[in-house]
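Visitor: Just to be clear, the model below is a prediction. Sequence and coordinates:
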Amino acid sequence: MLFRSVIKQKEYTQREQAEVVFTNKPAIQQYHPKTYAGDAHLFRVKQQRTTLVRQKFSFWNYLVKGTITLHQIPGTHLTLLKEGNVETLAALMSDAMKP
C-alpha cells in the first residue's frame, strides 16, 4: 500500500501533540477560509465527541454551498492512518472521486 510506504507510524505523546497545537495556533487564527460553491465529501472518524462532530459539520455547512456527503472511517484522529483504517479511507476516497 502506498500509505504504508510513505507514512511512518508513531505514537505521539500528549506533550508532542500539545507542541503541534501550540506551533500551529498562529496560522489557524490567521486563516479565513472562503466559501465553496460546489459539492464536497467530508471524511471523519467514527470515534469523536458528539458536540465536536456537530461543530465541525456546522462549519462545513457554512463553507460549502453544495451538497456535503459524509463518510465515516473507523478509529480516532490519531489512528486514522493505521492499518485497517487507512485502507477504508483510501477506498472511500477512491469511490468519491469516481465520476
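Guide: On my side now, so go ahead.

Visitor: make it CA atoms for all contacts and neighbour counts henceforth
Guide: Will do.

Visitor: Okay, strands next: where are they in this structure?
Guide: Taking DSSP state E as the test, the strands found in the chain are 40-45, 68-73.

Visitor: what's in contact with the first one?
Guide: Among residues not part of strand 40-45, those counted as contacts by CA atoms under 8 Å, 6 or more residues apart in numbering are 64, 66-77, 80, 89, 96.

Visitor: mind running it again at 10 Å?
Guide: Strand 40-45 is contacted from outside by 53, 56-57, 60-61, 64-80, 85, 89, 92-93, 96-97, using CA atoms under 10 Å, 6 or more residues apart in numbering.

Visitor: do stretch 18-32 as well
Guide: 12-17.

Visitor: Would you point out the most distant pair within those?
Guide: Farthest-apart pair in the contacts of stretch 18-32 is Tyr12 and Arg15; separation 8.0 Å (CA to CA).

Visitor: Can you say which of the contacts of strand 40-45 are buried?
Guide: Listed as buried from the contacts of strand 40-45 are 57, 60, 64, 73-75, 79-80, 85, 89, 92; burial here means 16 or more other CA atoms under 10 Å.

Visitor: What separation is there between the nearest residue to Ile73 once chain neighbours are set aside and Thr79?
Guide: Nearest residue to Ile73, sequence neighbours excluded (CA to CA, 6 or more residues apart in numbering): Val45, at 4.6 Å. Here the criterion is CA to CA, to the nearest Å. By it, Val45 lies 9 Å from Thr79.

Visitor: I appreciate the help and will end here.
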